[in-house]
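Visitor: Sharing a model that was predicted from the sequence below.
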Amino acid sequence: MIGYVTLGTNDIARAAAFYDALLAELNAKRTMEFPTFIAWGNSPTGVSLCVIKPFDGNTATGGNGTMVALAADSKATVDRVYKKAMELGAKDEGPAGPRGDTYYAGYFRDPDGNKLNIFYSGA
C-alpha cells in the first residue's frame, strides 16, 4: 500500500505556501520538514503527500500521465478544495463535477505543473 507520494518542486517556499493552504482544507498538517522536503498528513504515521527539491539537482517537472488523487468526504469538500486550488493559482485541468454516477472530482495542476485531483466516490 502507499505510504507517501512525493512531488517535485523548483520553489520549496512557494510549494509550502500552496500545500499548507490547500491541504488545510482536508485537515492535513505538516508532519515532517527539512530545507528541501516537506510532508503533510492527517497523522504522523499515516499516508503523506510530500514536496521535494530533486535530489539530483535537476529541474523538477510534472510527470505526463502522473496524477495524485486526494480523497474527500463529500462533494462539498471537493468543491471547496478545488476552489481553494484555483484561488492559490493552480491551473484548471477539469472543474469539479460529476464523472459518472458515483464519482465526483475536480482536476488541477499545482504551481510546479504536478497534476492532482480531489474526488469523492459515493452516492
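Guide: Yes, it's here. Given the structure is predicted, the values throughout are model-derived calculations rather than measurements.

Visitor: what helix or strand does residue 94 sit in?
Guide: strand 91-98 (DSSP states H and E).

Visitor: With residue 15 instead?
Guide: Assigning secondary structure by DSSP H and E places residue 15 in helix 12-24.

Visitor: which other residues reach that helix?
Guide: The contact list for helix 12-24 (C-beta atoms under 8 Å, 6 or more residues apart in numbering) reads 7, 9, 29-30, 35-36, 38, 40, 49, 51, 53, 81, 84-85, 88-90, 110-112. Glycine gets a C-beta too; all of them are placed from N, C-alpha and C.

Visitor: Show only the entries of the residues you listed found in helices.
Guide: Residues of these located in helices (DSSP state H): 81, 84, 85.

Visitor: how about those in JSON lines, adding pLDDT and distance to residue 64?
Guide: Compiled in JSON lines, the ones in helices among the contacts of helix 12-24 are given as follows (pLDDT from 0 to 100; distance: C-beta to C-beta, whole Å):
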{"residue": "81", "pLDDT": "98", "distance to residue 64": "23"}
{"residue": "84", "pLDDT": "98", "distance to residue 64": "25"}
{"residue": "85", "pLDDT": "98", "distance to residue 64": "20"}
